[in-house]
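Novice: Here's a sequence, model it:
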Amino acid sequence: MNRATLLLLGLLLSLSACSGDVASEPPQKVDLTDVVATGVVRPVDGITPAGQPDEAAFKVFAANGYMAVIDLRTEGEPRGLDERAVVEGLGMEYVQFPIDDDGITFENARSLDALIDHYEGPLLVHCRSSNRVGALLALRASLDGVDDAAALEMGKAGGLKSLEGQVRDILDED
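Specialist: The predicted structure follows:
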């Protein structure tokens, strides 16, 4: 092989090794102010956790090819807009999957996983602050065989905060 071919082969091997590292990163809660300011958002493993978006943020998600929005907020929680109308008006599917604090369960983590698996493109998963999103992501990671400490860290990356004790208790029971 000539030198150029060897360099190209080395570059391709390096890139493939890097792509494996990206896939192992947990989904990160996005800062919606940054999303709107930059106009760019990228999912990790097909999803992006977030707090409650406004119409400007939903426009950015749509412009970046997001297929659906999974809203974990319950019926009575104010959103500041007609979320279904805005999301569907931007060409994305709106899925209401209401979860309150008592809904942080392995069963609901499995249900969220099934919803996520239903879509081939990127998804936004949100609640008010991303705390419930992070909680379910931690339980989802545990179901995938991740140890409890790593599952909690994945949940925190996705927005888990005040529900951490509850998630710890659930993980300890399993």
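Novice: Would you confirm that Asp54 contacts Val35?
Specialist: No. Assessed by Cβ atoms under 8 Å, Asp54 is found out of contact with Val35, at 10.4 Å. Every C-beta, even on glycine, is put in place using the N, C-alpha and C of the backbone.
Novice: Those two - which one has more neighbours?
Specialist: A side-by-side neighbour count of Asp54 and Val35, using other Cβ atoms under 10 Å, places Val35 first with 22 against 14.
Novice: can you pull the pLDDT of the more buried one?
Specialist: Looking at Val35, its pLDDT is 97.
Novice: any idea how far the host helix or strand of it is from the chain center?
Specialist: Using DSSP states H and E, Val35 sits in helix 32-38. Relative to the centre of its chain, helix 32-38 is centred 16 Å away, using Cα atoms, centre = their mean, to the nearest Å.
Novice: what do you get for stretch 72-85?
Specialist: 18 Å.
Novice: So what touches that stretch?
Specialist: Residues outside stretch 72-85 that contact it (Cβ atoms under 8 Å, 6 or more residues apart in numbering): 52, 54-55, 58, 69, 71, 94, 96-100, 125-128, 132-133, 136.
Novice: cool, and stretch 55-70?
Specialist: 32, 35-36, 39-43, 48, 50, 53, 81, 83, 86-87, 90-95, 97, 112, 115-116, 119-126.
Novice: No further questions, thank you.
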